[in-house]
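Chemist: Sequence plus predicted model, see below.
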Amino acid sequence: MQQLTIKDKTFSFPLIQGGMGVGVSLGNLAGAVASNGCMGVISAAHPGYRLPNFRTENLASNCQALIDEVKKARDIALGKGLIGVNIMAASKNYVEYVKAAVKAKVDAIISGAGLPLDLPSMVDDASILLAPIVSSGKAAKLVCKIWDKRHQVAPDFVVIEGSEAGGHLGFKKDDLVNDTCESLETIYHEVKSELKIFEEKYERKIPVFMAGGIYDGHDIASMLKLGADGVQMGTRFIATEECDAHSNFKQAVVDCTESDIEIVQSPTGFPGRGIMNSFMQKQKERGNIAIRSCLNCLTPCNPSDTPYCISEALIQSVKGNIDNGLVFVGSNAHKVKEIVTVDALIDELKRETLQALGE
């Protein structure tokens, strides 16, 4: 299996660790992943939640934490791999988070939870890779068309996120619940078809990374055989020693069963997938959970009429207060049976992938 190079950025193994907020993937996890020649990703969703001024100066603390966590990841990676930042397009302070990522000199900005139509105009450093997360050929076409028309660029790579992913999902809730979403393979072919015209115009390949339900090296190999350039994985990296979340959060993933994993309601307007714990069960049965204080962080969120504060729910869970928080996971979380090191996990994934590819 050959190395993958995008511009001047090289993966020795074509794997992106998915960005997981709040605080699940920060500098410690991202640095450990990068040290293995992959791309470690820090989530820009409230990385400053542990700072003393987080409640009073939310934006400033998050931007500073983002810069600090990138530096921490760089120090851990020792010059190996790549460091990316995942920024939700639904963030009210999207522009400021992008600027913080640019200031931190990240290798890549990956953006989903909405379409990042004007991301290129916010980044004045051509060395930073820009990548949208899409869940359909239609979304890929729209992003590429707007980037081409408004900014005269095409994505450096694209992440295709299927319906089996954790966190916020780009599918209708009814389709997710009824299992009527298009398969990841079908979406891949649709997206590749839409990318072709822009690859021809800009005379370069637009690499594609597959995400959602990718669990082991056999899954990685199947995506590479399909034609993808790499994969993005999130859930399996939660159950690692280096993951930035509390040990209770990691154990919740290890302990969950297949029946515990459900489609949950999110204040963003997007459906999500998580563990149906006591907090989510309470919300499901009783309806809206009153918000005591608002961080004013999401564009679609209306504090007076929202099911619960997703930021507070994620902060509680990452701190270890699982019964009063939200734990986002992918559909295969129930297969995770132990907490391992990042080194051991990536070694296992590499070995399985090479074996499945017959190399």
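Modeler: That came through, no problem.
Chemist: Look at residue 273 and tell me its secondary structure.
Modeler: In three-state terms, and counting by DSSP: H, G, I helix; E, B strand; the rest coil, residue 273 is strand.
Chemist: bridging residues for it?
Modeler: Beta bridges link residue 273 to residue 167, residue 263 when assigned by DSSP bridges.
Chemist: so it touches residue 262, yeah?
Modeler: Yes - using C-beta atoms under 8 Å, residue 273 is in contact with residue 262, at 7.3 Å. From N, CA and C alone the C-beta is placed, and that goes for glycine too.
Chemist: Specify which residue of these two has the higher count of neighbours.
Modeler: residue 273 (24 against 15; other C-beta atoms under 10 Å).
Chemist: For that one, report the pLDDT, please.
Modeler: With respect to pLDDT, residue 273 scores 93.
Chemist: Number of residues surrounding residue 95?
Modeler: With other C-beta under 10 Å as criterion, residue 95 counts 14.
Chemist: nearest spatial neighbour of it, skipping sequence neighbours?
Modeler: Nearest residue to residue 95, sequence neighbours excluded (C-beta to C-beta, 6 or more residues apart in numbering): residue 122, at 5.7 Å.
Chemist: My understanding was that that neighbour contacts residue 97; is that so?
Modeler: No - contact criterion C-beta under 8 Å: residue 122 and residue 97 do not qualify, at 9.5 Å.
Chemist: out of those two, which sits in the busier spot?
Modeler: residue 97 (25 against 19).
Chemist: Can you say which helix or strand has that one in it?
Modeler: Element membership for residue 97, per DSSP states H and E: helix 94-103.
Chemist: I'd like to know the average pLDDT value across that helix.
Modeler: Taken as a whole, helix 94-103 has a mean pLDDT of 97.
Chemist: ditto for stretch 211-231
Modeler: Mean predicted confidence for stretch 211-231 is 97.
Chemist: Tell me how many other residues crowd residue 254.
Modeler: Neighbour number of residue 254 under other C-beta under 10 Å is 14.
Chemist: So which residues make contact with the host helix or strand of residue 185?
Modeler: If you go by DSSP H and E, residue 185 is part of helix 184-202. Residues outside helix 184-202 that contact it (C-beta atoms under 8 Å, 6 or more residues apart in numbering) are 134-138, 140-141, 144, 148, 153-154, 158, 160, 162-164, 182, 205-206, 208, 210, 212-213, 223, 226-228.
Chemist: Make a ChimeraX selection of whichever of those turn out to be buried.
Modeler: To isolate the buried members of these in ChimeraX, using 16 or more other C-beta atoms under 10 Å:
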select :134,135,136,137,140,141,144,148,153,154,158,160,162,163,164,182,206,208,210,212,213,223,228
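Chemist: What about the contacts of helix 184-202, which are in helices?
Modeler: Applying DSSP state H to the contacts of helix 184-202, the entries found in helices are 137, 138, 140, 141, 144, 223, 226.
Chemist: and those as a markdown table, adding distance to residue 128?
Modeler: Shown next, in a markdown table, are the ones in helices among the contacts of helix 184-202 (distance: C-beta to C-beta, whole Å):
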| residue | distance to residue 128 |
| --- | --- |
| 137 | 26 |
| 138 | 26 |
| 140 | 20 |
| 141 | 23 |
| 144 | 18 |
| 223 | 25 |
| 226 | 28 |
